[in-house]
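In: when you get a sec, could you give me coordinates for this:
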Amino acid sequence: MKNFIKNTFQSQKVFFRYIRKKGFKRFLKENILETEGSNRTKALSVALGVFVGLTPLWGFHTVIVIFLATYLKLNKVISYMSTHVSFPLFLPFIIAASLFVGGHIVGGSLTFENETMNIAFVKEHLFQYIVGSSVLAVVSSISFGLLTFLLLKIIDKQNNSKN
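Out: Now for the predicted structure:
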């Protein structure tokens, strides 16, 4: 388990070091705007990355997204970048949102008052978390995919009007 967590953090450190080295604007320009592929392909790549990033398959996000992006002929860099929507600082919020969404769907209730995170808590709310994270992943991937598509269309219109 220690290696599993260590490898997850190491993957994200390499990714963020790469962004810092290039600068965020240059990174977006070179790796998203100037890449080959249509706006549809780029938006689907973002949607795939966000979907995989929010699923409860921690530690396997990189392998899964690269495999699926290759299989679906999407942009691997954009998909990989989008999986980092679940980096460690956001994990508590993602887990809480998943539990709340799952609670509304499954019918379970959850308050964090006087709760201790232990094995009993996890066993009691595991199904609620899995359902909630799956719904959150689907809704978020659709939202981020559509938003990306619209932003890329706007950027294309601006670039075409300048030329």
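
In: which stretches in this protein count as strands?
Out: With DSSP state E, there are no strands along the chain.

In: run through the chain and note the low-pLDDT ranges.
Out: For the chain, applying pLDDT under 70 flags the ranges 1-36, 108-118, 163.

In: need the longest helix for it.
Out: The helix that spans the most residues within the chain, counting by DSSP state H, is helix 119-162.

In: mind jotting down where the helices sit in this structure?
Out: Using DSSP H, helices in the chain cover 2-22, 24-28, 39-54, 61-71, 76-83, 91-106, 119-162.

In: TSV for these, including mean neighbour count?
Out: Yep, even glycine has a C-beta here, placed from its N, CA and C like the rest. Output for the helices of the chain, formatted as TSV (neighbours: other CB atoms under 10 Å):
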stretch	mean neighbour count
helix 2-22	12
helix 24-28	12
helix 39-54	24
helix 61-71	16
helix 76-83	22
helix 91-106	16
helix 119-162	15
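
In: so what's S45 up against?
Out: 37, 69, 74-76, 78-79, 82 (CB atoms under 8 Å, 6 or more residues apart in numbering).

In: again with V131
Out: 101-102, 105-106.

In: now flag whichever of those residues is closest to L147.
Out: Closest approach to L147 among those (CB to CB): V101, at 19.5 Å.

In: so that closest one sits right up against L136, yeah?
Out: Yes - V101 lies in contact with L136 (CB atoms under 8 Å); the separation is 5.3 Å.
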